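Visitor: predicted structure and sequence below. I'll ask about it afterward.
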Amino acid sequence: MPERDDIVVMKFGGTSVAGPAEIKRAAGRIVAAREAGARVVAVLSARGKSTDELVSYAYEISDHPDPREMDMLLSTGERISCALASMAINDMGHKAVSLTGSQAGIVTDSSHTKARIVDVRADRIKETLSQEAIVLVAGFQGVSTDSRDVTTLGRGGSDTTAVALAAALGASVCEIYTDVAGVFTADPRIVPDARKLAVVSFDEMQEMSASGAKILQLRSVEYARNHGVPIHCRSSFEDLPGTLVLPESETMERPIVTAVTHSDDESRVTVVGVRDEPGVAGRIFGALADANVNVDVIIQNEPIGEGALADLSFTVSREDLTTATGVIDGLGDISNSVRTDERIGKVSIVGAGMRSHPGVAARVFEVLGEQRINIEMISTSPIKISCVIAADQVPDAVRALHAAFELGADAVRPEDPTGEHRPTVSP
């Protein structure tokens, strides 16, 4: 628990502020932290599905909404949540002040709809805290340092807002409140016996977020790791410990495999007939980077014979597919054609212990082979193995790998009946 007078940043996701009852519950959690002696900054997301509703409003008007105006529209959802929660807190007898992202000092680059935080100028927050008030900050948004326009940070951006504020304020912890109890060994909707993890390292959480785990936005984990901000992922609806995300030196146990993650919202782009010469790949991926398209798995075949052409395949999120193909088409005669596939998914295993244990990849491939699941692309890091497979086979792959690496509740060690510590398993 935070010490008295510590600054605590509390972030509440969309389901945690979806309606009047949820907003009042979140307000009660914020007030309880204040009454316990902490100085509280709360970051709120837009209510429930309101961001999706705002997006639909935009497409009722325009087939290609202007990105700047899209940010102006989408930033309103979080402001509504903060104003309503502030009203609830004031009714509970505590002073609360709501701030927009720009008022809170969140400064970003000028990339509309996917901006990155470049600075946090938290003077106004500090001044408000010194007046014994609770500060509520609209997540997901900031102001561009160049154009002074409102910007938004992309899906899950409120997580990054919260971590960035915690770093700037020297908070003792950044608490992320969601509709789940913490970080699990797999998605409990697919694997009913998935276990909640007591502790996860920054490295593991970063790989899990990059591989499809939606409990924390990837950039928020990167920010926390770079600035040493402890994260506590916990439930908005029950007052129980969740999962701590900490430096690896503080997580003690290092199982071979910590979790199985998945993604079913990816697409594959294949650039057919790429000239086999220096600089071509640089042009392709440089142009994608300039368009703010994040590329995941990349594979290029080796042309056979002089003058032969290569095929280059990579995966992107489904929402970036149209942008990615437009970028490739805009490069002119760099290839013969572009093919796309929206029926792909990805399953990954993540674990710090994989660094020192051979044979993990072989076991993954054996398990998927036994399930008759064809692996189309493979990507690895020292603590992650990702396999691109058919989207409709993702649930079966997750369940099979979770069972094979003994990550379920039944695999908890006899001396640890609560499941709060992760077992060390063998492939």
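Guide: Nice, thanks for sending it over. For clarity, every value in this text was computed on a predicted model and none was experimentally measured.
Visitor: and the helices in the chain?
Guide: All helices of the chain, identified by DSSP state H, fall at 20-35, 50-61, 67-74, 76-91, 123-130, 157-169, 202-210, 218-227, 280-290, 321-329, 360-370, 394-404.
Visitor: what about the stretch 301-427 of the chain, any weak spots by pLDDT?
Guide: Applying pLDDT under 70 to the predicted model, the residue ranges of the stretch 301-427 of the chain that meet it are 303-307, 410-427.
Visitor: ok so, going back, comparing the helices of the chain, which comes out most buried?
Guide: The highest mean neighbour count among the helices of the chain, using mean count of other C-beta atoms under 10 Å, belongs to helix 157-169: a mean of 28. No exception for glycine: its C-beta is placed from N, CA and C like everyone else's.
Visitor: partner strands of the lengthiest strand in the chain, parallel or antiparallel?
Guide: As assigned by DSSP state E, the longest strand anywhere in the chain is strand 259-275. Strand 259-275 has these partner strands in its sheet, going by DSSP bridges: strand 309-317 (antiparallel), strand 337-350 (antiparallel).
Visitor: which parts of the stretch 101-250 of the chain are strands?
Guide: Per DSSP state E, counting those that start in this stretch, the stretch 101-250 of the chain carries strands over the ranges 106-108, 117-120, 134-138, 141-144, 150-152, 173-178, 199-201, 231-235, 243-246.
Visitor: of these, which is nearest residue 388?
Guide: When those are ranked by distance to residue 388, counting by C-beta to C-beta, first place goes to strand 199-201 at 24.1 Å.
Visitor: quick one: buried residues of the closest one?
Guide: Counting neighbours by 16 or more other C-beta atoms under 10 Å, one finds that the buried residues in strand 199-201 are 199-201.
Visitor: residue 229 and residue 220 touch, don't they?
Guide: No: applying C-beta atoms under 8 Å as the test, residue 229 and residue 220 come out as separate, 9.2 Å apart.
Visitor: and for those two, which residues touch both?
Guide: Among the neighbours of residue 229, those also in contact with residue 220 (C-beta atoms under 8 Å, 6 or more residues apart in numbering) are residue 163.
Visitor: looking at strand pairing, list the partners for residue 201.
Guide: residue 246.
Visitor: which ones are touching it?
Guide: By C-beta under 8 Å, 6+ apart, the neighbours of residue 201 are 245-248, 251, 352.
Visitor: state the number of residues packed around the nearest residue to residue 111 once chain neighbours are set aside.
Guide: Nearest-residue entry for residue 111: residue 292, 5.6 Å, with adjacent residues in sequence omitted and distances by C-beta to C-beta, 6 or more residues apart in numbering. Number of residues near residue 292 (other C-beta atoms under 10 Å) recorded here: 15.
Visitor: so residue 292 makes contact with residue 114?
Guide: Yes: contact between residue 292 and residue 114 holds when scored by C-beta under 8 Å: they sit 4.9 Å apart.
Visitor: follow-up on the earlier one: ok, now which ones touch the residue nearest to residue 111?
Guide: Under the criterion of C-beta under 8 Å, 6+ apart, the contact list for residue 292 reads 111, 114, 323.
Visitor: residue 213 now?
Guide: 183, 205, 259, 261.
Visitor: apply 6 Å and report the result again.
Guide: Taking C-beta atoms under 6 Å, 6 or more residues apart in numbering as the definition of contact, the neighbours of residue 213 are residue 261.
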